[in-house]
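Undergrad: With the input below, show me the fold.
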Amino acid sequence: MFKPIVNLFFPKVCYACLDILSDNTDTICINCRHDLPVTNFHFDDNDAVKNVLYGRAIVENGTALFRFEKKGLVQKLIHGLKYKGYENIGTFLGNWLGGELKTITSYNAIDIVIPVPLHKNKLKKRGYNQVAKFGQQIAKSLNVTYKEDVLIKITHTTSQVNKKRLARWTNSEELFALQNEASIKNKHILLVDDLITTGATLEACSLVLNQVKNVKISIATMAIA
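TA: Below you'll find the model as predicted:
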């Protein structure tokens, strides 16, 4: 009975367009959902994500939920998730992609979901890893384990947002290390991140993970640039 009163004074808004949400919607309004540039890579057997990493890392499967467009809705969502504390965006997108992946045979072979980690200094400053909720919801959909105690970031870097592609590539090399290696031995890992551009970060993570015996790696991101 109190919900309408609360919504009157503190209305829920769409994180993409900031319009007030109707009672039966959450996080993103219906109009924005229809306008989001979905890729359908996982439904269409599209290798766009794998091709970014071709010749650099062995990837079993790869997908991205959206195409990233400058000043578009996806950029607004990721910016809100990373810099404004809107963690429920990650939950929403993880539910969306996880619900689709669980219908696909190749993704049902996943054993563990692992997020690309933040350096401890950035994690302390931000208070959360923007990929965590996304990965947790995908793991829940696939009924597998979510583990954030395997990959650690060992070099602190400044924000990558305004850097050129070559600079991002250089600064993403050899930044990660392993712990608890036994927990991923002989496992098929789904490595999750928010955005894939040059693929340098995901390549660096994959090369570290592949140091463990008989590991297979697939990739899932919120968006691809």
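Undergrad: where exactly do the strands run in this structure?
TA: Secondary structure of the chain (DSSP state E): strands at 62-67, 112-115, 145-146, 151-153, 176-178, 188-196, 216-224.
Undergrad: what would those strands look like in a markdown table with distance to His42 and mean neighbour count?
TA: C-beta coordinates here come from the backbone N, C-alpha and C atoms, glycine included. Conversion of the strands of the chain to a markdown table gives the following (distance: least, CB to CB, whole Å; neighbours: other CB atoms under 10 Å):
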| stretch | distance to His42 | mean neighbour count |
| --- | --- | --- |
| strand 62-67 | 4 | 24 |
| strand 112-115 | 15 | 24 |
| strand 145-146 | 19 | 16 |
| strand 151-153 | 23 | 20 |
| strand 176-178 | 25 | 16 |
| strand 188-196 | 12 | 23 |
| strand 216-224 | 8 | 24 |
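Undergrad: In TSV, list these along with distance to Val131.
TA: As requested, those are exported to TSV (distance: least, CB to CB, whole Å):
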stretch	distance to Val131
strand 62-67	13
strand 112-115	4
strand 145-146	11
strand 151-153	11
strand 176-178	14
strand 188-196	6
strand 216-224	8
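Undergrad: So for Lys125, which of these sits nearest?
TA: strand 151-153 (13.4 Å; CB to CB).
Undergrad: burial measure for Gln211, as a count.
TA: Gln211 has 10 neighbours, counted by other CB atoms under 10 Å.
Undergrad: ok, the closest residue to it other than its chain neighbours to His79 distance?
TA: Once flanking residues are discounted, Gln211 sits nearest to Leu178: 6.4 Å by CB to CB, 6 or more residues apart in numbering. From Leu178 across to His79, the span is 31 Å (CB to CB, to the nearest Å).
Undergrad: and if you look at Ile110?
TA: 28 Å.
Undergrad: Tell me which residues of the longest helix seen in the chain come out buried.
TA: The single longest helix within the chain, with elements called by DSSP state H, is helix 88-101. Within helix 88-101, the residues scored as buried using 16 or more other CB atoms under 10 Å are Ile89, Gly90, Thr91, Phe92, Leu93, Gly94, Asn95, Trp96, Leu97, Gly98, Glu100, Leu101.
Undergrad: repeat for stretch 142-150
TA: For stretch 142-150, by 16+ other CB under 10 Å, it's Leu142, Val144, Tyr146, Lys147, Glu148, Val150.
Undergrad: Nearest to Ser22, out of the strands of the chain?
TA: Across these, Ser22 has its closest neighbour in strand 62-67 (22.5 Å, CB to CB).
Undergrad: Check what contacts that closest one and list those residues.
TA: With CB atoms under 8 Å, 6 or more residues apart in numbering as the test, strand 62-67 has contacts from 36-39, 41-42, 46-50, 52-53, 74, 93, 96-97, 101, 196, 218-225.
Undergrad: Please enumerate the helices of the protein.
TA: Under DSSP H, the chain gives helices at 3-9, 30-35, 41-44, 48-52, 73-83, 88-101, 120-126, 132-142, 165-171, 200-209.
Undergrad: could I get those helices as TSV with distance to Ile189?
TA: Shown next, in TSV, are these (distance: least, CB to CB, whole Å):
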stretch	distance to Ile189
helix 3-9	41
helix 30-35	30
helix 41-44	17
helix 48-52	15
helix 73-83	23
helix 88-101	14
helix 120-126	21
helix 132-142	11
helix 165-171	23
helix 200-209	6
